[in-house]
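> Provided below for reference: sequence and predicted model.
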Amino acid sequence: MKRLLILFFVLLQLASASICSAEETSTDVCVYGGTASGVVTAVQVARMGKSVVLIEPGQTIGGMTSGGLGNTDIGKQVSIGGVTREFYQSMRDWYQDPANWKFQSKDEYRWKGDRVTEDAWFVFEPHVALLKLNQMLEEARVPVVYGERLDLNNGVNKEGANIVGIRMESGRGFTAKVFIDCTYEGDLMAKAGVSYTIGREPNSQYGESINGVQATEPPRRGPKPLDPYVIPGDPNSGMIKGLQPDVVGNNGDGDKRVQAYNYRLCLTSVPENRVPFEKPPGYDESEYELLFRWLEAGNTRNVPLGSNPIPNRKTDTNKAGWISTDYIGMCDDYPDADYQKRKEITDAYIRYHKGFLWTLANHPRVPETVRRRAAKLGFAKDEFVDNGHFPHQLYVREGRRMLGRMVMTEHELRKKRKVEDPVALGSYGMDSHPTQLWVDGDGALHADTPKWTGVGGPYGISYRSITPKTEECSNLLVTTCISASHSAYGSIRMEPVYMMLGQASATAAVQAINGDQSVQDIPYDKMSPQLLKDGQILVPGK
């Protein structure tokens, strides 16, 4: 019996040792965040012959690219190359097959502009994006770890400026020579001790024009004044939810406000593929009082949903106007919050969106003409089938922004200052969603938001903007929460740009390993030829 007990304990110790060993993963490169940027990053590392692991804190890869943003904001298509373009070419290939057109034919689908060309498609269904991103990972043999979140209290182990390893909430550890943060929130970057900012800088900080508080956008009004008071006509009753008496702050002042988030909803009007909107648990009618007042002011010409067509009679539904799916003012605390607080914010967004849709289609205070049109829509039954047909990913338009070796500003985007070390191109206009709403004495609606501002064509994004200061961290790259002012980030924050910065970061990581260098010390004249060889576009028009 004694021998059996000894044998049992020996086996138990061996099993424990095996488990502990399995909880430690060591690779050349560790990519944290399974966004589309993270996928491209990991694929490029693998193609360059280094071992890599991709950690996705949730259960679905792709971020916004597979999360409903199927009508891609691209700016100029000619600025998009490399592995990123391969992905959009795979969208084109998919939709050449008539078998993949279930609810309409390819000829019936019409899109004006350059989002659909003979070379690449930048419009697609969420499930197709997920399929193709997974195929890219499988072909590159990239291992993916799901459901592991960084320990926010003690998750980053550093020796000097070098990250030695990171640890998840579960206790599982990952060691690597280089780490790359591809999340929308920038948790790894922040917990590694890298400087960052949140919100809007004052215009004076970088000599910009559309940063900080922006209260000059022309007001919007309906046929009748919008009554903003809890008791209509009674100023003493206070303002209804979602409004304030006036803008907070002076024009151009900085603050900690974050542009509004939302979900990009995949809806359809095809009866056999439509799931009707249901009133969500915890529905709060007061959340939609501003909507009711807006409609009562006579704004009933359109359903307030921005429905961009994607294949098979579906939509990538974004906000439409200032009273829509943007849940304004609810995301200011999100970037720096812990997981519990973020869940509370995310849950509030889900309730708001589901309640907004149900209200449009069913609430008696919504005019019948609007209700009738909204009731023809529903969630696409064949999308997000594991999540009640609702997207997995909150559209975190802006989280933390690193304060790296160089800050991209309006000046670089408008080509007033040349970027000497471009690793990718951006080209979309500077675009920020509202942060606060108010109504003037005439019943017109105002928003704190800049006018969409063009950049005059593609511009280079500096390698220094994706690397931290050397003394802060020497083996970390950041592809999404990059070093940029709020106004410049409004252009950079597009999915194809994140993906191309992922390829650049992967290339830099491999060269840093090969040269036994910090990521800051890689010679640009060594990096750029490799990027060009792999299809990245570094100079506009070339």
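In hand now; what should we look at?

> please count neighbours and contacts with C-alpha atoms only from this point.
Noted.

> give me phi/psi at Lys341?
Main-chain torsions, Lys341, degrees, to the nearest 10: phi -60, psi -40.

> do I have it right that it meets Asp332?
No - contact criterion Cα atoms under 8 Å: Lys341 and Asp332 do not qualify, at 11.7 Å.

> and the two? Which one has more around it.
Taking other Cα atoms under 10 Å, Lys341 and Asp332 do not tie; Asp332 has more neighbours (21 against 13).

> now do the contacts for that one.
Gly199, Lys256, Arg257, Val258, Gln259 (Cα atoms under 8 Å, 6 or more residues apart in numbering).

> quick check: the two most widely separated of these?
The distance between the two most remote of the contacts of Asp332 (Cα to Cα) is 9.9 Å, for Lys256 and Gln259.

> ok, these two, which is more surrounded?
Neighbours were counted for Lys256 and for Gln259 using other Cα under 10 Å; Gln259 has more, 28 against 13.

> residues contacting the more buried one?
Contacts of Gln259 by Cα under 8 Å, 6+ apart are Ile328, Gly329, Cys331, Asp332, Arg397, Glu398, Ser432, His433, Pro434, Thr435.

> point me to the helix or strand that includes the first one.
Right, the one you point to is Ile328. Following DSSP states H and E, there is no helix or strand that holds Ile328.

> let's verify Met136: helix, strand, or coil?
At Met136, secondary structure determined by DSSP: H, G, I helix; E, B strand; the rest coil is helix.

> my read: it touches Thr41, true?
No - taking contacts as Cα under 8 Å, Met136 lies outside contact range of Thr41: 11.1 Å.

> look at the two and report which has more neighbours.
Using other Cα under 10 Å as the criterion, Met136 and Thr41 rank with Thr41 on top: 34 against 19.

> how far away is the more buried one from Leu476?
13 Å (Cα to Cα, to the nearest Å).

> ok, now Ile492?
Ile492 sits 20 Å away from Leu476, going by Cα to Cα.

> before we move on, what about Ala190?
Separation of Ala190 from Leu476 (Cα to Cα): 11 Å.

> those two - which one has more neighbours?
Between Ala190 and Leu476, counted using other Cα under 10 Å, the more crowded position is Leu476 (31 against 19).

> what's the closest non-adjacent residue to the more buried one?
Phe179 (4.9 Å; Cα to Cα, 6 or more residues apart in numbering).

> list the strands paired with the helix or strand containing that neighbour, with their directions.
Element membership for Phe179 (DSSP H and E) is strand 173-181. Sheet pairing of strand 173-181 (DSSP bridges) gives strand 24-32 (parallel), strand 162-167 (antiparallel), strand 476-478 (parallel).

> can you pull out the residues in contact with the shortest one?
By that I understand strand 476-478. 163, 178-182, 186, 189, 466-468, 505, 509, 519.

> what about it, average pLDDT?
Strand 476-478 shows an average pLDDT of 99 in the prediction.

> quick one: distance of it to the chain centre.
Averaging C-alpha positions (Cα atoms, centre = their mean, to the nearest Å) puts strand 476-478 17 Å from its chain's average.

> export the helix or strand following that strand to CSV, keeping only CA atoms.
Using DSSP H and E, the next helix or strand after strand 476-478 towards the C-terminus is helix 486-492. Output in CSV follows, covering the C-alpha atoms of helix 486-492 (Å, rounded to 0.1, in the frame of the first residue of the first chain):
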residue,chain,number,x,y,z
HIS,A,486,-6.3,62.5,-31.9
SER,A,487,-7.0,64.3,-35.1
ALA,A,488,-4.4,62.3,-37.1
TYR,A,489,-5.6,59.1,-35.6
GLY,A,490,-9.0,59.8,-37.1
SER,A,491,-7.5,58.9,-40.4
ILE,A,492,-4.9,56.2,-39.4
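
> surely Ala484 and Tyr463 touch.
No - contact criterion Cα under 8 Å: Ala484 and Tyr463 do not qualify, at 11.9 Å.

> tell me how many other residues surround the spatially closest residue to Val230 that is not a sequence neighbour.
Leaving aside its sequence neighbours, Val230 sits nearest to Ile240 (Cα to Cα, 6+ apart; 5.0 Å). Ile240 has 19 neighbouring residues, counting by other Cα under 10 Å.

> repeat for Glu272
10.

> and it, that's in a helix?
Yes - under three-state DSSP, Glu272 sits within a helix.

> helices along the protein, start to end?
2-22, 36-47, 82-94, 126-139, 187-191, 203-206, 289-296, 339-362, 368-374, 410-413, 486-492, 495-515, 524-533 (DSSP state H).

> to the chain's geometric centre, what's the distance from stretch 155-170?
Counting by Cα atoms, centre = their mean, stretch 155-170 comes out at 25 Å from the chain centroid.

> tell me the mean pLDDT over that stretch?
98.

> would you check that Gly460 makes contact with Val423?
Yes - here Gly460 reaches Val423: they are 7.1 Å apart, a contact under Cα under 8 Å.

> of these two, who's got more company?
Val423 (30 against 24).

> could you single out the nearest of the contacts of strand 476-478 to Pro235?
Nearest to Pro235 among the contacts of strand 476-478, with distances taken as Cα to Cα, is Gly186, at 42.5 Å.

> list the contacts of that closest one.
When contacts are counted by Cα under 8 Å, 6+ apart, Gly186 is found next to Gly399, Arg400, Arg401, Val478, Thr480, Cys481.

> which one of those residues has the most neighbours?
Top of the contacts of Gly186 by neighbour count (other Cα under 10 Å): Thr480, with 32 neighbours.

> now that residue: how far from Pro271?
38 Å.

> just Asp347 next, same as before
Distance from Asp347 to Pro271, by Cα to Cα: 28 Å.

> poorly predicted segments of the protein, please.
Applying pLDDT under 70 to the chain flags residues 1-22, 542.

> these two touch, right, Gly252 and Asn203?
Yes - at 5.2 Å, Gly252 counts as touching Asn203 under the criterion of Cα under 8 Å.

> which residues do the two both contact?
Ser209, Ile210, Asn211, Gly212.

> can I get the buried part of these as one PyMOL selection?
The following PyMOL line selects those of those that are buried, judged by 16 or more other Cα atoms under 10 Å:
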select buried, resi 210+211+212
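
> in strands, which of the shared contacts of Gly252 and Asn203 appear?
Applying DSSP state E to the shared contacts of Gly252 and Asn203, no entry is found in strands.

> hmm, back to that, ok, of the contacts of Gln259, which come out buried?
Those of those that meet the buried threshold are Ile328, Gly329, Cys331, Asp332, Arg397, Glu398, Ser432, His433, Pro434, Thr435, by 16+ other Cα under 10 Å.

> what's the most distant pair in the contacts of Gly186?
Among those, Gly399 and Val478 lie farthest apart (Cα to Cα), at 12.7 Å.
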